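Undergrad: Please find the sequence and the predicted model below.
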Protein chains: 2
Amino acid sequence: MSVLTFIGAGQMASALTFPVRKNGHEVRLVGTPLDREIIEEAKKSGFHITLKRQLPEGIKYYQIEDVKEALEGCDIVLNGVSSFGLDWFADEMLPILPESAPLISVTKGMLDTEEGDLLPYPFVLEDRLPEGKKLDINAIGGPCTSYELADGDNSHVAFCGRNMETLEFLKKTFECDYYHVSLSTDIVGVECAVAMKNAYALGVTLAVGLAEKRDGKIGAVHYNSQAALFGQSVREMTQLLELIHGGPENIIFGAGDLYVTVFGGRTRKIGTLLGRGLTFEQAMEELSGVTLESIVIATRTARAVRKLAERGVVSLDDYPLLMHVDSIINEGQPVQIPWDKFTFTVK
Amino acid sequence: MSVLTFIGAGQMASALTFPVRKNGHEVRLVGTPLDREIIEEAKKSGFHITLKRQLPEGIKYYQIEDVKEALEGCDIVLNGVSSFGLDWFADEMLPILPESAPLISVTKGMLDTEEGDLLPYPFVLEDRLPEGKKLDINAIGGPCTSYELADGDNSHVAFCGRNMETLEFLKKTFECDYYHVSLSTDIVGVECAVAMKNAYALGVTLAVGLAEKRDGKIGAVHYNSQAALFGQSVREMTQLLELIHGGPENIIFGAGDLYVTVFGGRTRKIGTLLGRGLTFEQAMEELSGVTLESIVIATRTARAVRKLAERGVVSLDDYPLLMHVDSIINEGQPVQIPWDKFTFTVK
């Protein structure tokens, strides 16, 4: 039995307590300053107020002020914060984490560098380690929504990191009959495959709104245009993976995550609103101005590709859908799917 | 203005009259012996009884006995029969088609050879030409459902053939503001990308039935498992494309067509029934024993891969989902998704 300390008690981290508890490990769930109410209620009743599920028996709950106690003697630390909490995690948590326990991070995303490289979060966290500190930093990628994980639906994800021995230990700890884990030292490949889908999910769901607008009926369903955009997305994602020298097997997670993202959540909502004809600002207003991770990541991906194009490494013509999505969200352009740029001629 | 003779008045061929008529060309729609009622009603009212749409104005309708009249002076012939009608088309129609008019075929699919090669229908038709006869044979692939095409939804398809000049002529004739056409001389790549999706659509929709069975509720929706199967499908399809030396751009049509097929039609229905726990025979009974093209094509694809494995060209371990689908439909095996075979380790 291992001891796992989860920092961040959001939906995804909390859903991950299910396979880990099923495997009989000890789980200490620590709320961030934003999770205070979640921990309060869970301490009382074991009910998670945003995941809307009764959490597994036997979890120990901690408010953030008790994080050091929760870290004592732990074998694995899980970073459960979203990308918006990453600075907090780097500043406040990295310094106090034990070097003896590997870290595994559910935070999806990447930063783009001046040179147009896409930097996955495990590398970002490594850069933010206090001087002299060593930490084995790993990450989880792949299509897995928290509700369904909590309900025991079959999911296939990837754990990535530098050290295969650590990855195998993590897999042994997390994997169960419904949570299936691939392992990869190709951190860039896994994380970028997963991050890219954010821009493209928005791109595919534009078709949902466009169809509703054309038919004058909310809920009108058209698949030809969605399929065309989905196919274009997979093509551009495959090219992006090649560009960053990510392994081709990662398309499993890119295409799978795109599929699951098209079906729900706020990215679909905003794509649909844009397709209906709202400006980006109006669409964001409808979502009460919540900053979406997907928008941030789409912007970074597009910015990286633009920089690579400036350096002559790629041609922007190979990424017409990504560029269109970027022009909508960052330049206020109207939706005007560039169909002509999708068609090709192979002689 | 060109004159187009469509042989076969099924839903897809008839939907294609919309872009062609929009471009102002003459369309002569000829029913096969199975389309007698369709042509009868269309002659009277212009209404297509299975497409359930009013066809464009100005189409000339013919029963099969008048096919020679319909072919007189035409510039393009469209073969609109399904793969089950292909023998009839080869035996009865190929001999009477004018050599001066290129043929374009909507029939999706391929045959597998003794050697394990997958032979797209344009090649099959070429082989069936009467001795000495020359015909420029082309084909249409890509995600495009007939109803939505008839309604003017945006679609992106590929026209493939040996002769780029012909392909450009065909594109000029068919393409319009909602029907977007790529051109390719990579016939094997386009046709196989499109054909492969049949097996995989069945594979993905197993998850729909499995979720319903687990929840004991028809209509229960779970995306994690669908996403995992979708991602695995795209991975195996990418490998298959490479294997047959098809261009990577064709994943647009493979992934797009998979997406659209997962959402509807009889392939989803049978995948769902199998996932719920019905045997293949029971599932086919529910569908009144109608032989599905998707089942036939799935079987051929799996058979080809098996033969290639026997010859040591591929490893069956790289196609666990295709092999599982094949074992269900051809060996009466129960659904037991081989999750462990999907996970991988990249060191």
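TA: Right, received. Where do you want to start? Numbers count the residues shown, from 1 in each chain, chains lettered A, B, ... in the order given.
Undergrad: My guess is A:Ala201 contacts A:Tyr259. True?
TA: No: because the distance of 9.0 Å does not satisfy CB atoms under 8 Å, A:Ala201 is recorded as not touching A:Tyr259. Placement of C-beta: from N, CA and C, glycine included.
Undergrad: which residues of the stretch 201-347 of chain A score low on pLDDT?
TA: Within the stretch 201-347 of chain A, the stretches with pLDDT under 70 are A:220, A:289.
Undergrad: which residue ranges form the strands in it?
TA: A:345-346 (DSSP state E, counting those that start in this stretch).
Undergrad: How are the helices of it distributed by residue range?
TA: A:224-243, A:251-262, A:265-276, A:280-286, A:293-310, A:320-331, A:339-342 (DSSP state H, counting those that start in this stretch).
Undergrad: Most tightly packed of those?
TA: helix A:251-262 (a mean of 29; mean count of other CB atoms under 10 Å in any protein chain shown).
Undergrad: any idea how far that one is from the chain center?
TA: Relative to the mean C-alpha coordinate of its chain, helix A:251-262 is positioned 11 Å out (CA atoms, centre = their mean, to the nearest Å).
Undergrad: just checking, what packs against that helix?
TA: In terms of contacts (3 or more CB pairs under 8 Å, 6 or more residues apart in numbering or on different chains; DSSP states H and E), helix A:251-262 is packed against strand A:155-160, helix A:187-215, helix A:224-243, helix A:265-276, helix B:224-243.
Undergrad: Any chance of CSV for these, columns distance to B:Ile39?
TA: Listed next are these as CSV, based on distance: least, CB to CB, whole Å:
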stretch, distance to B:Ile39
strand A:155-160, 49
helix A:187-215, 30
helix A:224-243, 26
helix A:265-276, 38
helix B:224-243, 37
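Undergrad: Of all these, which one is nearest A:Thr145?
TA: Among these, helix B:224-243 comes nearest to A:Thr145, with 5.9 Å by CB to CB.
Undergrad: Quick check: which of the helices and strands packed on helix A:251-262 is nearest to B:Gly209?
TA: helix B:224-243 (10.7 Å).
Undergrad: angle of that closest one against helix A:224-243?
TA: Using axes from the mean of the first three to the mean of the last three CA atoms, to 10 degrees, the direction of helix B:224-243 lies 70 degrees away from that of helix A:224-243.
Undergrad: Counting by contacts, list what helix B:224-243 packs against.
TA: Using 3+ CB pairs under 8 Å, 6+ apart: helix B:224-243 touches helix A:146-150, strand A:155-160, helix A:251-262, helix B:187-215, helix B:251-262, helix B:293-310, helix B:320-331, helix B:339-342.
Undergrad: where does the stretch 1-150 of chain A have low pLDDT?
TA: Along the stretch 1-150 of chain A, the model assigns pLDDT under 70 to no residue.
Undergrad: Now the phi/psi pair for the residue in it positioned nearest to chain B, please.
TA: Closest to chain B within the stretch 1-150 of chain A is A:Pro143: 3.6 Å, counting by CB to the nearest CB. When read as degrees, to the nearest 10, the backbone of A:Pro143 gives phi -80, psi 110.
Undergrad: Check which residues of stretch A:112-120 are buried.
TA: A:112, A:116, A:118-120 (16 or more other CB atoms under 10 Å in any protein chain shown).
Undergrad: hmm, back to that, would you mind telling me which of the helices and strands packed on helix A:251-262 is nearest A:Val296?
TA: Of the helices and strands packed on helix A:251-262, nearest to A:Val296 by CB to CB is helix A:187-215, at 8.2 Å.
Undergrad: Now that closest one: buried residues?
TA: In helix A:187-215, counting by 16+ other CB under 10 Å, buried: A:187-214.
Undergrad: Out of those, which are close to chain B?
TA: A:189, A:207, A:210-211 (CB under 8 Å from any CB of the partner chain).
Undergrad: what's the closest non-adjacent residue to A:Lys60?
TA: In space, and not counting its chain neighbours, A:Lys60 is closest to A:Arg28: 4.7 Å by CB to CB, 6 or more residues apart in numbering or on different chains.
Undergrad: Check A:Gly31 too.
TA: A:Ile39 (3.8 Å).
Undergrad: Now A:Asn23. Nearest residue, chain neighbours left out?
TA: A:Cys176 (5.9 Å).
Undergrad: List the contacts of the spatially most central residue of chain A.
TA: Closest residue to the average C-alpha location of chain A: A:Lys108 at 3.2 Å, with CA atoms, centre = their mean. Residues near A:Lys108 by CB atoms under 8 Å, 6 or more residues apart in numbering or on different chains: A:83, A:121, A:141, A:191, A:194-195, A:293, A:297.
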